[in-house]
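Enquirer: return a 3D structure for these sequence lines:
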Amino acid sequence: MTQTTKPRRYDIDWLRTLAFGLLIVYHLGMYYVADWGWHIKSPFQAEFVWLQDLMILTNPWRMSLLFFISGIALALVADRYPPGQLLRLRSARLLIPLLFGMFVVVAPQPYFEALDQNLIQPGFWAFWLDYINPWTSLLVEHHSAIGLLTWNHLWFLPYLWLYSLLVIGLLPLLNHMGQSDWLRRLNGRWALLAVISIQLCAWYFLKKAYPSSHDVVTDWYNHAKYLLVFIGGYLFARQGNWWQQVIAWRHVFLGMAVAGYGFLVLDRHGAFSALAALFDTNLAVKLLYGVIGATEYWAWILAVVGLAGHYLNRPSRLLRYTDKAILPWYMLHQTLIIVAAANLKSWQLCPGIEALLILLLTCSGCYIGYEIIRRVALLRWLCGLTSRPASAKTALAPQAPLA
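Expert: All right, here's what the predicted structure looks like:
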């Protein structure tokens, strides 16, 4: 029978914490990795030629994992609130931090990016007045429909809000589907085959035509990918038998994921050059690559969910902190990375020492920033935090989460 009363899943809390922690390290890597564009780039890229291979490990699925566990988290709280209240909670948790982030937190990112490219003169406050002015004449070649104003790494928030809005509107249909006998009896293998097939179709028909843009309107490949895993996470959470199957098959999924990653790395280094040469002309070869990519994509998501379900479904004092701190840390981290990297570049430090120093400054800044935010009522509201818990018991009570 489909579960409707759900205890707190600490493994999902752990996954959320670990996934956002990985995001900090990944964005630090974007400063150093060669050939991948980012806001500012290190002069030491040539010394990190191996970094692409490492980052490809999580690049295809790391954000999809966040949307998957976001769907799970929404399912775990959906029965506790009426749809209207749930939407209000999600909006306050996501849209207000998005606007505050765009106008304030993100602003140093385009400033240091433009400064790094010698497009502007130093002077942050003068830049900020142009940045928040949608009719500014500054850097017109970099304008979007709203001028220089951007959400950069905060794109996850509007996407998550839109998907939540859609799912909340479809709750009667999705809950009916989740409670249906045919879905309960559906073997997990067939469900996995279905989502792999949908992912393959999205990759084949949409990826080349709609490359990733994070602009919501034209980002159709990302929508097909992320909305699928978000709804998949919601239905997954309402099927206890699927969850138990994933936990039981965690090592199988991990083996599939590692094999897929191995294929991607070997292919990148020319191990299958004869096969790769046929990619654009041979449909069977292109579909082979698509099947491997889609299988690896879902295998990693299910592997980490299964491993977390087996090893991490237990409370922790750390979770009491991260449950509240994740959203402010997420909002602050990329700005702190860029500010630290831009200011340390002229020091010409050893790249390894520089990377560790940027990471230390970023984490310290996130910690100090959160400690300030949680003590100031206005900042708490602007950063999507709920009111202070009355006790440790309520600190771990289920709430409408970020992810």
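Enquirer: relative to Ser70, how far out is Phe236?
Expert: 12 Å (Cβ to Cβ, to the nearest Å). In short, each C-beta sits where N, CA and C put it, glycine included.
Enquirer: next one: Leu15
Expert: 10 Å.
Enquirer: do His143 as well
Expert: Counting by Cβ to Cβ, the gap from His143 to Ser70 is 31 Å.
Enquirer: neighbour count for those two, which is higher?
Expert: Ser70 (26 against 16; other Cβ atoms under 10 Å).
Enquirer: can you pull out the helices in the stretch 201-350 of the chain?
Expert: 220-237, 240-248, 250-268, 273-276, 283-311, 317-344 (DSSP state H, counting those that start in this stretch).
Enquirer: could you identify which of those helices is most buried?
Expert: helix 220-237 (a mean of 22; mean count of other Cβ atoms under 10 Å).
Enquirer: show me what it packs onto, helices and strands only.
Expert: helix 62-78, helix 156-169, helix 171-179, helix 188-206, helix 240-248 (3 or more Cβ pairs under 8 Å, 6 or more residues apart in numbering; DSSP states H and E).
Enquirer: turn these into CSV, including mean pLDDT and distance to Arg8.
Expert: As requested, those are exported to CSV (pLDDT from 0 to 100; distance: least, Cβ to Cβ, whole Å):
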stretch, mean pLDDT, distance to Arg8
helix 62-78, 94, 8
helix 156-169, 96, 20
helix 171-179, 84, 19
helix 188-206, 93, 24
helix 240-248, 88, 14
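Enquirer: correct me if wrong: Trp203 contacts Ile292.
Expert: No: judged on Cβ atoms under 8 Å, Trp203 makes no contact with Ile292 at a distance of 10.8 Å.
Enquirer: what does stretch 318-335 contact?
Expert: By Cβ atoms under 8 Å, 6 or more residues apart in numbering, the list of residues contacting stretch 318-335 from outside reads 10, 13-14, 16-17, 20, 23-24, 27, 93, 97, 100-101, 105-106, 108-109, 152-154, 156, 362, 365-366, 369-370, 373-374, 383-386, 392, 395-396, 401-403.
Enquirer: dump it to CSV, restricted to CA.
Expert: Extracted in CSV, the C-alpha atoms of stretch 318-335 (Å, rounded to 0.1, in the frame of the first residue of the first chain):
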residue,chain,number,x,y,z
LEU,A,318,25.2,18.1,11.8
LEU,A,319,21.7,17.8,10.1
ARG,A,320,20.3,20.2,12.7
TYR,A,321,22.7,22.8,11.3
THR,A,322,22.5,22.0,7.6
ASP,A,323,18.7,21.7,7.6
LYS,A,324,18.6,25.5,8.1
ALA,A,325,22.0,26.5,6.7
ILE,A,326,21.9,24.9,3.2
LEU,A,327,19.9,27.7,1.5
PRO,A,328,22.1,30.6,2.7
TRP,A,329,25.3,28.6,2.0
TYR,A,330,24.0,27.9,-1.5
MET,A,331,23.2,31.5,-2.1
LEU,A,332,26.5,32.8,-0.9
HIS,A,333,29.0,30.2,-2.1
GLN,A,334,29.6,31.1,-5.7
THR,A,335,29.9,34.8,-5.1
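Enquirer: which SSE is the closest residue to Trp347 other than its chain neighbours in?
Expert: Residue nearest to Trp347 in three dimensions, not counting chain neighbours: Glu354, with 7.5 Å by Cβ to Cβ, 6 or more residues apart in numbering. Element membership of Glu354 [criterion: DSSP states H and E] is helix 351-373.
Enquirer: which outside residues touch that helix?
Expert: 24-25, 28, 31-32, 42, 44, 47-48, 325, 328-329, 332-333, 336-337, 340-341, 344, 347, 349, 379-380, 383, 385.
Enquirer: buried ones in it, by neighbour count?
Expert: 351, 354-355, 357-359, 361-362, 365-366, 369-370, 373 (16 or more other Cβ atoms under 10 Å).
Enquirer: ok and that helix relative to helix 317-344, angle-wise?
Expert: For helix 351-373 against helix 317-344, the angle by axes from the mean of the first three to the mean of the last three Cα atoms, to 10 degrees is 120 degrees.
Enquirer: buried residues of the next helix or strand along the chain from helix 351-373, list them for me.
Expert: Using DSSP H and E, the helix or strand that follows helix 351-373 towards the C-terminus is helix 377-382. Neighbour counts using 16+ other Cβ under 10 Å place Leu379, Arg380, Trp381, Leu382 of helix 377-382 among the buried residues.
Enquirer: ok, how many other residues are close to Leu160?
Expert: Around Leu160 there are 23 other residues, counting by other Cβ under 10 Å.
Enquirer: how close does it get to Leu28?
Expert: 23 Å.
Enquirer: do the same with Tyr370
Expert: For Tyr370 relative to Leu28 (Cβ to Cβ), the value is 19 Å.
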